[in-house]
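Colleague: sequence first, predicted model second:
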Amino acid sequence: MKKTITLVLLLCAAFLAASCGTQTLKFDGAGDIGDCHIPGSHSYDPATDTYTLTASGYNLWFETDAFYFVWKKVKGDFEISGEVAFEGEGVNPHRKTGFIIRESLDPQSRYADAAIHGEGLTSLQYRPETAGETLEVTSESWGPTHVSLRRHGNTISIRTGKGSLPDTDDASIELQLPEECYVGMLMCSHEEDIAETGYIRNVRLIQ
């Protein structure tokens, strides 16, 4: 009897850990946000646990966005992380990849992201009001390989590093968003008529 109870408790603990801890991601949808002249796409290689994202799009900036988004609906607090890289030298040094949280799929939606630029710049970009100006907090980290976007209540923060993630945040902001938002990966070429490719590996979501 004791062995049976112990087994049941172990199974319950494993279930709770899987439900509340790190999840193997299954995204709900994907597509271009805004006016993208070249349709974006993505693929997943389970052998290397790598997503390949190819996209055009003029930017995530000003009052409206144009980029490719692979997303999942997420409620409440979370942290999404992974390893990022670009293909080749690229055309525009401000091509971007990374992670993002958005209020909606509207191109003028409120959002915040952990944006890694092709030239190495890292920043926490955000739009506090629908159709409002995009703001930015830059990081001292340059050309990171690992990136994390975290939500805790109304606090959005990013962590970046080379080889691993540090314990401390690069930057954080306060941003009011609905409890349930769209969370996922972004890719933007920063050129309307040119598509660029980025890679995001070992994507993990903790809720």
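Modeller: Good, I have the coordinates.
Colleague: how far away is Ser141 from Gly118?
Modeller: Distance, Ser141 to Gly118, using CB to CB, to the nearest Å: 15 Å. C-beta: built from backbone N, CA, C; applies to glycine.
Colleague: equivalent analysis for Gly90, please.
Modeller: Going from Gly90 to Gly118 by CB to CB gives 5 Å.
Colleague: my read is that Leu165 contacts Ser157, right?
Modeller: No: with contact defined as CB atoms under 8 Å, Leu165 does not reach Ser157; the gap is 11.8 Å.
Colleague: okay, and the nearest residue to Leu53 once chain neighbours are set aside sits in which element?
Modeller: If the residues on either side of it in the chain are set aside, Leu53 comes closest to Met187, at 3.7 Å by CB to CB, 6 or more residues apart in numbering. Remark: Met187 resides in strand 180-188, with elements defined by DSSP states H and E.
Colleague: show me how far that strand is from its chain's centre.
Modeller: 5 Å (CA atoms, centre = their mean, to the nearest Å).
Colleague: which residue is the nearest non-sequential neighbour of the most centrally placed residue in the chain?
Modeller: Here the mean C-alpha position of the chain is nearest to the C-alpha of Phe99 (CA atoms, centre = their mean), at a distance of 1.3 Å. Nearest non-adjacent residue to Phe99, counting by CB to CB, 6+ apart: Leu149, 4.0 Å away.
Colleague: so how far is Leu177 from the one you found?
Modeller: Taken as CB to CB, the span from Leu149 to Leu177 is 12 Å.
Colleague: go on, Ala66?
Modeller: Going from Ala66 to Leu177 by CB to CB gives 21 Å.
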